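Trainee: Requesting a structural model of the entry that follows:
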Amino acid sequence: TAAAGNFYLHEGVAGSTRRFGPHYFPANGGISAPMFRPGVQFGDNAPVRITTNIAGNHTIDLLAYVAP
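Mentor: Model (predicted):
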């Protein structure tokens, strides 16, 4: 990220349930989240939204798996 700020993960559409966050990113810094134990669970076929208040360029990768 080029500017400091927070991000959140939400499940569902606008006005949805916050599932994770706020999680802070420092300016010009890299960050790696540890393995979550337990993981953040989302409902079947539920949309996942990422919202931020970061005003500069930034990238957020979401890694997921489907439980058997």
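
Trainee: Outside of the single longest strand found in the chain itself, list whatever touches it.
Mentor: Counting residues, the longest strand in the chain under DSSP state E turns out to be strand 17-25. Applying C-beta atoms under 8 Å, 6 or more residues apart in numbering, the contact partners of strand 17-25 are 1, 4-11, 31, 33, 40, 42, 54, 58. Heads up, the C-betas are built off the backbone N, CA and C, glycines and all.

Trainee: Would you tell me which one of these comes nearest to residue 67?
Mentor: residue 42 (10.8 Å; C-beta to C-beta).

Trainee: quick one: contacts for the residue lying closest to the closest one once chain neighbours are set aside?
Mentor: Leaving aside its chain neighbours, residue 42 sits nearest to residue 11 (5.0 Å; criterion: C-beta to C-beta, 6 or more residues apart in numbering). By C-beta under 8 Å, 6+ apart, residue 11 lies in contact with 17, 19, 42-43, 46-49.

Trainee: What's opposite residue 11 in the beta bridge?
Mentor: residue 17, residue 48 (DSSP bridges).

Trainee: Fine by me, we can end here.
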